[in-house]
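Q: Structure of the sequence below:
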Amino acid sequence: MSRRRSSDKENRAPGQRQLRVGEEIRHLLADLLERGNMRDPDLRDAKITVTSVDVSPDLRNATAYVMPLGGDDQERLLAALRRAAPWFRGRVSEKAGLRTAPEIRFAIDRTFDEADKIGQLLRRPDVARDLKDED
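A: Residues are numbered from 1 along each chain as shown. Alright, predicted model coming up:
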């Protein structure tokens, strides 16, 4: 019988349950942020998009990737979300129907920045020329 190494475990794709729970949490967080019922004035009128939620295999930890509309005040809003994380966890616990609610961490979604960098690289004249030659 072979034992799996921890690196094998870390490199596996998320399971169906992880994806389903992550998507449920994403919807719940987006709904809570849309309503704006938070005490924190930084979050009350903020327009924040929850782009994705990654959940650990044991469903005890979740990382919510967020992006403020327009990309403004990222650090201020991220600090406010982190302060309100216990409140979000409580609301998710009430509505998600999980045995235990995951610990929620918030992070800025950098995929938009990466996509923009790739787009800029593809528009460079030397790259465009190479791509044109392949056609």
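Q: tell me the phi and psi of the spatially most central residue of the chain?
A: Here the mean C-alpha position of the chain is nearest to the C-alpha of residue 65 (C-alpha atoms, centre = their mean), at a distance of 2.0 Å. For residue 65, the backbone dihedrals (degrees, to the nearest 10) come out as phi -90, psi 120.
Q: swap in residue 39?
A: For residue 39, the backbone dihedrals are phi -70, psi -30 (criterion: degrees, to the nearest 10).
Q: picking up where we left off before, which residues touch the residue nearest to the centre of the chain?
A: With contacts defined as C-beta atoms under 8 Å, 6 or more residues apart in numbering, residue 65 is in contact with 50, 51, 52, 53, 54, 107, 108, 109, 111. Yep, even glycine has a C-beta here, placed from its N, CA and C like the rest.
Q: where are the low-confidence patches of this structure?
A: Per-residue confidence for the chain (pLDDT under 70) gives these ranges: 1-11, 131, 133-135.
Q: What are the buried residues along stretch 92-101?
A: Within stretch 92-101, the residues that qualify as buried are 92, 101, counting by 16 or more other C-beta atoms under 10 Å.
Q: Now do the end-to-end distance for it.
A: One end of stretch 92-101 sits 7 Å from the other (C-alpha to C-alpha, to the nearest Å).
Q: what does that stretch contact?
A: Surrounding stretch 92-101, the residues in contact under the criterion C-beta under 8 Å, 6+ apart are 21, 24, 25, 28, 29, 59, 60, 89, 90, 102, 104.
Q: that older thread, reformat the contacts of residue 65 as JSON lines; add neighbour count, distance to residue 129 and secondary structure.
A: JSON lines is the format used below for the contacts of residue 65 (neighbours: other C-beta atoms under 10 Å; distance: C-beta to C-beta, whole Å; DSSP: H, G, I helix; E, B strand; the rest coil):
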{"residue": "50", "neighbour count": "22", "distance to residue 129": "40", "secondary structure": "strand"}
{"residue": "51", "neighbour count": "15", "distance to residue 129": "34", "secondary structure": "strand"}
{"residue": "52", "neighbour count": "14", "distance to residue 129": "35", "secondary structure": "strand"}
{"residue": "53", "neighbour count": "26", "distance to residue 129": "41", "secondary structure": "strand"}
{"residue": "54", "neighbour count": "17", "distance to residue 129": "39", "secondary structure": "strand"}
{"residue": "107", "neighbour count": "13", "distance to residue 129": "37", "secondary structure": "strand"}
{"residue": "108", "neighbour count": "17", "distance to residue 129": "35", "secondary structure": "strand"}
{"residue": "109", "neighbour count": "16", "distance to residue 129": "32", "secondary structure": "coil"}
{"residue": "111", "neighbour count": "11", "distance to residue 129": "28", "secondary structure": "helix"}
